[in-house]
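[1] Predicted model and sequence follow; I will ask about them next.
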Amino acid sequence: MNNRVSKLRARMAEHELDAFLVGCVAEDIFRIIGANRRYISGFTGSTGWVLVTENQQFICVDFRYFEQAEKECPGFTMYPTVGGIDRWLPTLIGESSLAGKRIGFESGDMSVTSLNTIQKAIGEMPESDRPKMLTAPNLISDLRAIKEPREIETLQQAVDCGDAAMAHVAERLEPGWTEKQVAWEIEKHAREHGAEFMSFPTIVAAGPHGAMPHAQPTDYAIQAGEPVVIDMGVIVDGYCSDLTRTIVCGGGPGSDKFRQVYDIVLTAQRTAEELLRTSMGGEECHMLAHNVIAEAGYGENFGHGLGHGVGLQVHEAPSLARTSKSVMEDGMIVTVEPGIYLTGEFGVRIEDQCVFENGKLRIMSRAAK
């Protein structure tokens, strides 16, 4: 963690910040939304704050988390808190010599309520002691986009666990299973084989439901020969996987139209995976797959981005999409997930999790297509 703190301090200096405050927009019960706090400190509790200055780093928690923070945050100074942040932050500002200084934060880590509370508390301090609270660029989120070797290893474990859960269900899916039953079988297998949680609620969308990219599983009984879109992911040691496969219930080939659309999506995915390179922009990455689908006449049926980063959160930087300003770099882990969605008929999406290494893409997902 000390190396990460050092990198953060270097970025703070670039932006003329004397300190950086890291919180969470809500209580992080599922250990997902507090990713920046966890990344920089190692703390996995649901509530707490981190303050990094030029030469100190504090983990600020109440009595419920003292022992946990001491174990998880070596190198951090424990700062016991009582009550809301308005009660203890002004004191910490004084004790850490931040009177009149510039304190940055990422907007994604701060709720409007928390910011208003902090500003009110600062406003009650003597004018000469008041620091400036400044919305900063995504200093920590951008650091997280480039994975360390240990992170890549953990992410591969998550990918392998997700692959196994997908294979387990694909081999057993029978006509009459409901979408909810499929989702539960996936989660049950994943949790019994090393997953802490699911990365997100599993998507199982059969037949016409597959035309909704983020469909929720229902009690619908899947019919023989129907395409089924399954999008799932697991969390291992805090890191997420993300995988989508489109299969046919009963193991048959599906309709002629389904096979045609599936081949288009698979061709688009393989084209992107073969041609993606570091230094490419997110929009350029997206268009590699989009052009294949558009040339086949289905451009209007591929309405989402090609992919996104994956790490402590299942959706994080970089973005591979039409409007993306991201630039690909070695160490980034991304999804490649083109799709075609035909309202009232079916959908097809195929998704791999991949890592940029030596300038190109290495596919981490091994689940059968």
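    Thanks, I have the structure now.

[2] Kindly state the beta-bridge partners for the closest residue to R37 other than its chain neighbours.
    Among residues not flanking R37 along the chain, V22 sits closest, at 5.0 Å (Cβ to Cβ, 6 or more residues apart in numbering). For glycine as for every other residue, the C-beta is placed from the backbone atoms N, C-alpha and C. With DSSP bridges as the criterion, V22 is bridged to V50.

[3] What distance do you get for V22 to V248?
    Distance check for V22 against V248: by Cβ to Cβ, to the nearest Å, it reads 46 Å.

[4] what's the answer for G104, then?
    In terms of Cβ to Cβ, G104 sits 52 Å off from V248.

[5] Just want to know which of those two has more residues nearby.
    Just comparing G104 and V248: by other Cβ atoms under 10 Å the higher neighbour count belongs to G104, 22 against 19.

[6] and the longest helix for the chain?
    helix 149-172 (DSSP state H).

[7] Quick check: buried residues in it?
    Judged by neighbour count (16 or more other Cβ atoms under 10 Å), helix 149-172 contains these buried residues: 151-152, 154-166, 168-170.

[8] quick one: contacts of that helix?
    For helix 149-172, the external contacting residues (Cβ atoms under 8 Å, 6 or more residues apart in numbering) are 147, 182, 185-187, 189-190, 193-195, 230, 232-243, 245, 247, 310-311, 331, 333, 353, 355, 364-368.

[9] what's the average pLDDT for that helix?
    In this model, helix 149-172 has an average pLDDT of 98.

[10] Let me know the next secondary structure element after that helix.
    helix 179-192 (DSSP states H and E).

[11] So which elements touch the helix or strand that comes right after that following helix?
    Counting by DSSP H and E, the next helix or strand C-terminal to helix 179-192 is strand 197-198. Counting by 3 or more Cβ pairs under 8 Å, 6 or more residues apart in numbering; DSSP states H and E, the packing neighbours recorded for strand 197-198 are strand 234-236.

[12] domain ranges for the protein?
    When the chain is parsed with automatic domain parsing, its domains come out as 2-144, 146-363.

[13] Name the stretch among those domains that sits most buried.
    Each of the domains of the chain was scored by mean neighbour count; the highest is domain 146-363, a mean of 19, by mean count of other Cβ atoms under 10 Å.

[14] centre of the chain versus that domain, how much separation?
    Centre-to-centre, domain 146-363 and its host chain are 14 Å apart (Cα atoms, centre = their mean, to the nearest Å).

[15] for the closest residue to V5 other than its chain neighbours, what are its contacts?
    Of all residues not flanking V5 in the chain, Q57 sits nearest, at 5.6 Å (Cβ to Cβ, 6+ apart). Applying Cβ under 8 Å, 6+ apart to Q57 gives the contacts 5, 41, 50-51, 75-77.

[16] Tell me which two in those are the farthest apart.
    Farthest-apart pair in the contacts of Q57 is L51 and G75; separation 13.8 Å (Cβ to Cβ).

[17] Contacts only, for the residue nearest to R37.
    36-37, 40-41, 49-52, 105-106, 109, 140.

[18] ok so, going back, write down the beta-bridge partners of the residue nearest to V5, one by one.
    Counting by DSSP bridges, Q57 forms beta bridges with V52.

[19] Tell me the spacing between it and I222.
    Relative to I222, and taking Cβ to Cβ, Q57 is found at 52 Å.

[20] And for I32?
    29 Å.

[21] Repeat that for E273.
    Distance from E273 to I222, counting by Cβ to Cβ: 29 Å.
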